[in-house]
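[1] Would you be able to build a 3D model of this:
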Amino acid sequence: MTKFTILLMTILPAATAFADETEYRCTSETNDEVIQIFQDTDLSEARLIVQNTEGMASVAHGLDGVTFIHIKTDEVWTLALHFPTMTYELSTHGATSTEDHGHCTKNG
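    Numbers count the residues shown, from 1 in each chain. Here you go, the predicted structure:
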């Protein structure tokens, strides 16, 4: 990595999408909260930002969508995104338990 690249990585905020990422912005139908998903071009990993908490997620591809799974020491987040309808369901289990759903838009 060049010094310029390292400098840019430290300056850019974590919520900024990079050129090689696809961003999904999902809005909850229950509380209007925004969930951001930044998926790498290789489609194997993604960054999730949920309730101001950021974490890396594994990606499981399905027939008509994708599931993002983030595992922490005391919590698991599962977010299923359905491409035909651009809707999602989010479940968190562990330290907190939450069920949510809503609609997403794709940027990039």
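
[2] Tell me where this protein has strands.
    Shown for the chain, the strands assigned by DSSP state E span residues 21-28, 34-40, 45-50, 53-61, 65-71, 75-82, 87-94, 98-107.

[3] can you redo those as TSV with mean pLDDT and mean neighbour count?
    Placement of C-beta: from N, CA and C, glycine included. Listed next are the strands of the chain as TSV, based on pLDDT from 0 to 100; neighbours: other Cβ atoms under 10 Å:
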stretch	mean pLDDT	mean neighbour count
strand 21-28	96	18
strand 34-40	94	20
strand 45-50	92	20
strand 53-61	92	14
strand 65-71	95	18
strand 75-82	95	19
strand 87-94	95	17
strand 98-107	95	14
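
[4] residues in contact with the residue lying closest to Lys72 once chain neighbours are set aside?
    Closest residue to Lys72 apart from its sequence neighbours, by Cβ to Cβ, 6 or more residues apart in numbering: Gly55 at 6.7 Å. Each residue near Gly55 by Cβ atoms under 8 Å, 6 or more residues apart in numbering is listed here: 47-48, 70, 72, 77.

[5] Equivalent analysis for Thr87, please.
    Neighbouring residues of Thr87 by Cβ under 8 Å, 6+ apart: 81, 101-104.

[6] now those as JSON lines including distance to Asp20?
    Rendered in JSON lines, the data for the contacts of Thr87 read as follows (distance: Cβ to Cβ, whole Å):
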{"residue": "Leu81", "distance to Asp20": "19"}
{"residue": "His101", "distance to Asp20": "29"}
{"residue": "Gly102", "distance to Asp20": "26"}
{"residue": "His103", "distance to Asp20": "25"}
{"residue": "Cys104", "distance to Asp20": "20"}
